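Participant: can you look at this prediction? I've put the sequence above it.
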Amino acid sequence: MKKILLIVVLACLGWLSIPFNVLILGSDARPYEPLKGSRSDGIILLKVTPLMAKIQMVSIPRDTYTEIPCEKGGRSDKINHSFAYGGKECTVKAVEKLLDTKINYSVLFRFDDVITLTDIIGGVNIVANHSFTQDSQKFVEGHTYNIKGERALAYTRHRKTDSAFKRDERQRQVIQSIAKKLVSPSGWHYIPGVYSYMEEKMEIFFNPLKAVSILPAILINKSNFNQQEIKGDGKMINGVWYFMPEQKSLNEAKKNFKIYI
């Protein structure tokens, strides 16, 4: 009996140690709008390597020109259109195709989720990566702010005065700050409220046991968060602007986020 129990424990530990990918999507649908037909305003892939207590994050530009498996004939289009054509499942397939990898879990945010989650935890601390004003909310580059609610949403949405890359960085900042606050001793009491909200209001596909394996990477130190961008340039095709990924940068992302199971 003890041998069987030991085998089961070792098998569970082995399963928990396997690297996995989580796709984090932000829909541009407003609270009063349906998710169906909306587009993914933010696309972030997160890879967790439990044994190394390491988390890698890559932002995929929303205008990335790539094959969309669920579109008729699998034609190429902007990757954020995949959500409008086939929802989360279509975007998962499009990202898997783009990066030649496997996505194990997914989390879907809406605009109002950013507002509510940051309100529930009393805000998150960020260092502004650009000076701008969005929805009457002013930020100065290099300054530290505690943001929540509409202010947090304004920070993650802005891209008019800098670039989609900078906005992607802001989205990663907020997501990372939410995670760090929840696993810090001062943030533990927020977890029940956040879990209750996410379970009731958000579209989540995630194994709770796998979530536990993320904690060491978050708790140890900031250097375990490796953030990456897919570089490239814009190109007009039939009068439409697309982001064309640089092959070297794309290959690097494929290598770093490769998952087989």
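Facilitator: Received it, and whenever you're ready, just let me know what you need. Residues are numbered from 1 along each chain as shown.

Participant: pLDDT weak spots in the stretch 101-250 of the chain?
Facilitator: Scanning the stretch 101-250 of the chain for pLDDT under 70 picks out the ranges 183, 208-225.

Participant: what about the strands in it?
Facilitator: 105-109, 124-127, 132-134, 137-139, 144-147, 203-205, 225-229, 232-237, 240-245 (DSSP state E, counting those that start in this stretch).

Participant: run through the bridge partners of residue 227.
Facilitator: residue 57 (DSSP bridges).

Participant: compute the number of surrounding residues for it.
Facilitator: Number of residues near residue 227 (other CB atoms under 10 Å) recorded here: 15. No exception for glycine: its C-beta is placed from N, CA and C like everyone else's.

Participant: for the closest residue to residue 162 other than its chain neighbours, which residues are in contact?
Facilitator: Nearest residue to residue 162 in three dimensions, chain neighbours excluded: residue 130, at 4.8 Å (CB to CB, 6 or more residues apart in numbering). Residue 130 is in contact with 139, 141, 158, 161, 162, 166, 170, counting by CB atoms under 8 Å, 6 or more residues apart in numbering.

Participant: still on that earlier bit, quick one: closest of the strands of the stretch 101-250 of the chain to residue 57.
Facilitator: strand 225-229 (5.0 Å; CB to CB).

Participant: now for the closest one, which elements pack on it?
Facilitator: Counting contacts by 3 or more CB pairs under 8 Å, 6 or more residues apart in numbering; DSSP states H and E, strand 225-229 packs against strand 54-59, helix 164-183, helix 247-256.

Participant: for stretch 93-106, the distance to its chain's centre please.
Facilitator: 13 Å (CA atoms, centre = their mean, to the nearest Å).

Participant: quick one: residue 258 and residue 79, what's the gap?
Facilitator: 19 Å (CB to CB, to the nearest Å).

Participant: neighbour count for these two, which is higher?
Facilitator: Ranked by neighbour count (other CB under 10 Å), residue 258 and residue 79 place residue 79 first, with 27 against 14.

Participant: between the helices and strands packed on strand 225-229, which gets nearest to residue 125?
Facilitator: helix 164-183 (6.2 Å).

Participant: quick one: the lengthiest strand in the chain to helix 164-183, angle?
Facilitator: In the chain, assigned by DSSP state E, the strand with the most residues is strand 40-49. Relative orientation of strand 40-49 and helix 164-183, computed by axes from the mean of the first three to the mean of the last three CA atoms, to 10 degrees: 50 degrees.

Participant: by contact count, what packs against strand 40-49?
Facilitator: Using 3+ CB pairs under 8 Å, 6+ apart, strand 40-49 sits against strand 20-27, strand 54-59, helix 81-99, helix 164-183.

Participant: dump the residue contacts of the closest residue to residue 174 other than its chain neighbours.
Facilitator: Nearest non-adjacent residue to residue 174, counting by CB to CB, 6+ apart: residue 156, 5.4 Å away. Taking CB under 8 Å, 6+ apart, we find residue 156 in contact with 26, 42, 114, 167, 170, 171, 174.

Participant: what is the nearest of the residues you listed to residue 246?
Facilitator: residue 167 (19.0 Å).

Participant: pLDDT score for residue 79?
Facilitator: Residue 79 carries a pLDDT value of 92.

Participant: correct me, but it touches residue 99?
Facilitator: No: look at residue 79 against residue 99 with CB atoms under 8 Å: they stay out of range, at 10.8 Å.

Participant: in JSON lines: the helices and strands packed on strand 40-49, plus mean neighbour count and distance to residue 190.
Facilitator: As requested, the helices and strands packed on strand 40-49 are exported to JSON lines (neighbours: other CB atoms under 10 Å; distance: least, CB to CB, whole Å):
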{"stretch": "strand 20-27", "mean neighbour count": "22", "distance to residue 190": "19"}
{"stretch": "strand 54-59", "mean neighbour count": "21", "distance to residue 190": "20"}
{"stretch": "helix 81-99", "mean neighbour count": "21", "distance to residue 190": "26"}
{"stretch": "helix 164-183", "mean neighbour count": "20", "distance to residue 190": "6"}
